[in-house]
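Q: Any chance you could fold what I've pasted below:
(2 chains)
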Amino acid sequence: MDFTRRMGHLRWGLALVTGLIIIFILFILFYRPGYYQANAKPQTHPVQKTANTGRLPGKNVFETSVSVSQTVYPATFADNKPKAVILVPRGDWRRALTAANVIHFPVDAPILYIKKDKIPEIVKKEIKRLDPEGLFVDGNVKSFIVGSVNQKVKDELKELKLKYRQFNATSIYDLAAKIDHYRATINSDHNDMVMVASANAPEYSIFSASWTAHAGSPTFFVNKDKIPQATKKALSRRPQDTFIYLLGNSKVIPPGIAKELGRYGHVQRIPGKNHFEMSTGFAGYADFGPNFGYWIAKTIRMFGWGIAEAGHNFIFVNANKPEMAIPAGILSHRGKHGPMLLVKKDALPQPVERYLKTVQPSYTGEQEQLFNYGWIIGDPEIIEPEVQKDIDKLLRVKMPSQVKKGDAD
Amino acid sequence: MKRFALYLSFILIALMVAGPFYSLKESLSAGKLPPEITRQHMLTGNTTRLACQDWTDMQDLVWNIKPAAKAPKAVVVAGSDSWPLALACQSFSAPPLNLPVLLYENDRNLKEKIIKKINSFSPAGLDKLGGTQVILAGKATALAREMQKLKLNTYEISGPNTPTNVTSVFTTMQKLNALKTRDVLVTSDERVSYALPASTWLAQRGTPLLLTSRNDIPQPTRKVLEQGNNWQFYVLGPRDIVGEDVINELKKWGEVNRIGAPNPFGNAVKFASFYDHTNRFGWQATQVNAESAQHLLLGSIKDNWQTILAGTQLFSGSNFGPLLLTKSEKLPSQVQKFLWSLSPDWWVTPAEGPFNHLWLLGGLEQISYAVQGRVDFIQELRDYLDQGDQGVSGIDALALVWFALALASAIWTWFHLSTRLTQVDPFMKISWILVMLVLGPVGLWAYYTCYRGYDHQTVLGQFPRPLCVQVLSATLGTVGFGMSTMVAAAFLLAYFGMPLFTVPGFFFWLGSPMTQSIIWSYLVALIVNMFLFVPLMLRAKESSSYSDTVRDNTLTVFISMTSISIGMMSAMWLLQMRGLTVMPEEENLIWWGTVWAANLVGLVTGYIGNWPLVVKGRKIGTM
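A: Here you go, the predicted structure:
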């Protein structure tokens, strides 16, 4: 037969191709990825829930950071594991806020607190549970150390087989600049939308952690009387069109400093008379416009949550526990992205209440409804159950039966 | 050297073929797991677990976390022995009545608890039912004495059989003027798992339930239906739960819609996505409502119905949504598919929402942690363009189709070369196959353009082709090995972790992983081609020695390779760093998608770069 004569010498080729196709079809038919192999021990502590909030428990910063990481990364298969972990020695909230700048994609890693000389047992357990995959854009490193630590911590990491990268700096200002430069190296570009906070007023800047985790904008620190050299250097790395957002009123960041910052870019202040109001001001703030580029290839800038409507998620933190609050920023990196709001231990501050009323969803119907949700960070000793209930009331859908006559629905 | 080059080119072919398969497999694979997982809480970003020992525990839990409404008019207590009755009672929870529904079993501990609970509601009394404060249904009538002691007015629903009781619920609701439409949900007493999905709908919308048997309609139900002939029936359950005879008979009294699927999981999914616009019946949990959020309740088929009905009470009022069922160890494929289709997308920013949330009923025994992790992952908000990990987006699908075409082109070319163009140099053949793998169907077009009509001349070693074809052939001479080496190098770099150096000052971008990857893959490809493949491909044409060939061709290879990589690398940079929201890993198929797109750009710039070389006679298209 003509066909046999012509194709005869291709026998092996045909056999190979047919074989490969059969293998491929068999693979498709019978390959079952093991998504359902993970087994968890039942939890031991009951955790307070309400219909529209979830509490992430923890009596200290270690436990809270672990709770948060467990929420974001169930780690039941490869795709819900992080790429790395960010280890921050506790003791300085500014270090943690700076570390938040590492979180965003492509890094994708939670902040976990450690001690300067040791990784606490609970954190070690969590690292083993997370089993980070390795960061492909940086030689598959599996952990970051932010700040200086004792050799013992590094040894422990070696024991855990976690390749690490350390950020070491002489001052907190320098650390912020270094991490910013690292991020810029990954992206081949410095993020042009930056926040500037006071180095001495944590309550005015901790809520920016959620935005940093969500959008990758860094926070730099200034003092009341001057802009530190490292911060100046970091800002000047952006040769044009830097957009600087000030986290603080004129008492926290004086007008003189704001004016001087004007040399490095466009300066705007986030609104808010006090820190509670500023956390809601930040949640509602949005600044859109052109950023960098020429002619037809101009990139846009989008800074700020700009949330003034229903259908969002909020992270509630105790304003007096900055170190506890900052790791929770990662809840805006995956899952339900949303702003962080400050509350008192035993009360929901007025501005936050007002804001939540603004964004409270109204009942629309069984088929189309928007819901709000909230995370409460820390044990009942950090934010009291009554506050959680108050928050829940303001997050829930306003039902027609609950609307009084004359109320604008 | 020839042997080494041959091995290397086989490795290249293998990488170009197996690479995308590897990425495809990796993007699905589960990876390895730690042996034991300890957690401080069972919340995840998109799920909440209501862990409980048994249904009484669940009831306590739900009424602990449920938003405290104003004092209800009455409290409904249903016996925990009859599921149709307890299910029918859920309708009391919906507006306008908004009554809490509790389950009750004759047990001393529970009795005290329930009485305490009823007291805590301090019901005001239903005027239309003679000031009734507690409605007792089924076995719960055993509480009547205690209620009298507490001076609470009671109303009893207790008949000789279940259908009678269920119809009593119906008529009670009529008395209370709670039925605003002619909608009726009909299910049979055959299997509880097929009826349960209705629970959250009943508790939120207040559609009344009526009960049939599998093959005929019981007398009490019949009696109620005879009130009119314009009912809207929604029959829940497949054919072997509610028979065709029942459906046909129901048609006498109104319009009938059947909602059902052959297993409980699919059945629940069907009900969740069902919608009839007449009275806006059904959750319509589909992409139509993608702009609103979905709250879903997930029950386990392993659990008893009491737990699920106790959990249903959470989903009435300001939280509501469909009830789905799952196996305890694994998400059934229907449910998984449904959840994927519901997973929310974002267009402008992931902060825009809406966000979905799932409530899991039961402990780890009922719904395993692995199922929770899976559900959480599927309900995660995703970028519309690339659909994230494991999601198949339009561009993923395009990449897959492109890959299939590339493979087919490569196989066809291989066969064609070895049947029709046997005289072509083996390295040239390998080069053609690589061209197909990097350029896909475009490579096939180029093959056709280069040889069509000239094949008899190739036997003579002459190439009387027009200039534009000659340039194409010259470009492809570098594309085959050059491009594939660059792609292979970039892939391996990503696989082993790209290098990153922090360089102070203006040249920081030189240390960037992408720049590093570009530099290294370019250099590797340049060297391999300059010293290995090009001399080998030319050896048949040129009689000069190896070193002479290398020397003569250094500049040509350099110009050709550079012009290709300028287009290819900048396209890759733009696509991976700017085009996609998240930089793709080599484990995602979309990584290959960006590479294939970049290859085409590289072909165009390579063509431009090769033009002067061919015009000046430095290169003759040999492919």
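Q: What is the burial count for whichever residue of the stretch 401-550 of chain B sits closest to chain A?
A: Minimum separation of the stretch 401-550 of chain B from chain A (C-beta to the nearest C-beta) falls at residue B:497, amounting to 3.3 Å. Every C-beta, even on glycine, is put in place using the N, C-alpha and C of the backbone. Each residue near residue B:497 was counted by other C-beta atoms under 10 Å in any protein chain shown, and the total is 17.
Q: how about the nearest residue to residue B:329 once chain neighbours are set aside, what does it touch?
A: Spatially, and ignoring its direct neighbours in sequence, residue B:329 is nearest to residue B:368 (5.3 Å; C-beta to C-beta, 6 or more residues apart in numbering or on different chains). By C-beta atoms under 8 Å, 6 or more residues apart in numbering or on different chains, residue B:368 lies in contact with A:36, A:38-39, B:328-329.
Q: who wins for neighbours among those residues?
A: Among the contacts of residue B:368, the one with the most neighbours (other C-beta under 10 Å) is residue A:38, at 25 neighbours.
Q: OK, contacts around the closest residue to that residue other than its chain neighbours?
A: Leaving aside its sequence neighbours, residue A:38 sits nearest to residue A:76 (C-beta to C-beta, 6+ apart; 3.9 Å). When contacts are counted by C-beta under 8 Å, 6+ apart, residue A:76 touches A:35-38, B:30, B:33, B:369-370, B:372-374, B:377.
Q: Redo the residues you listed as JSON lines? Include pLDDT, distance to residue A:224 and secondary structure.
A: Below are those laid out as JSON lines (pLDDT from 0 to 100; distance: C-beta to C-beta, whole Å; DSSP: H, G, I helix; E, B strand; the rest coil):
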{"residue": "A:35", "pLDDT": "90", "distance to residue A:224": "53", "secondary structure": "coil"}
{"residue": "A:36", "pLDDT": "91", "distance to residue A:224": "56", "secondary structure": "coil"}
{"residue": "A:37", "pLDDT": "88", "distance to residue A:224": "55", "secondary structure": "coil"}
{"residue": "A:38", "pLDDT": "87", "distance to residue A:224": "50", "secondary structure": "coil"}
{"residue": "B:30", "pLDDT": "88", "distance to residue A:224": "53", "secondary structure": "coil"}
{"residue": "B:33", "pLDDT": "82", "distance to residue A:224": "51", "secondary structure": "coil"}
{"residue": "B:369", "pLDDT": "94", "distance to residue A:224": "49", "secondary structure": "helix"}
{"residue": "B:370", "pLDDT": "94", "distance to residue A:224": "52", "secondary structure": "helix"}
{"residue": "B:372", "pLDDT": "96", "distance to residue A:224": "48", "secondary structure": "helix"}
{"residue": "B:373", "pLDDT": "95", "distance to residue A:224": "47", "secondary structure": "helix"}
{"residue": "B:374", "pLDDT": "96", "distance to residue A:224": "51", "secondary structure": "helix"}
{"residue": "B:377", "pLDDT": "96", "distance to residue A:224": "46", "secondary structure": "helix"}
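Q: Tell me the buried residues within the residues you listed.
A: A:35-36, A:38, B:30, B:33, B:369-370, B:372-374, B:377 (16 or more other C-beta atoms under 10 Å in any protein chain shown).
Q: dump the residue contacts of residue A:136.
A: So residue A:136 contacts A:83, A:106, B:494, B:497-498, B:585-586 (C-beta under 8 Å, 6+ apart).
Q: Sitting in helices, which of these do you find?
A: Per DSSP state H, helices hold the following members of the contacts of residue A:136: residue B:494.
Q: got JSON lines for the contacts of residue A:136, with pLDDT and distance to residue A:132 too?
A: Below are those laid out as JSON lines (pLDDT from 0 to 100; distance: C-beta to C-beta, whole Å):
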{"residue": "A:83", "pLDDT": "95", "distance to residue A:132": "6"}
{"residue": "A:106", "pLDDT": "92", "distance to residue A:132": "13"}
{"residue": "B:494", "pLDDT": "93", "distance to residue A:132": "17"}
{"residue": "B:497", "pLDDT": "91", "distance to residue A:132": "13"}
{"residue": "B:498", "pLDDT": "92", "distance to residue A:132": "17"}
{"residue": "B:585", "pLDDT": "89", "distance to residue A:132": "14"}
{"residue": "B:586", "pLDDT": "89", "distance to residue A:132": "17"}
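Q: Just the buried ones from the contacts of residue A:136, in ChimeraX syntax?
A: This is the ChimeraX syntax for the buried subset of these, where burial follows 16+ other C-beta under 10 Å:
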select /A:83,106 /B:494,497,498,585,586
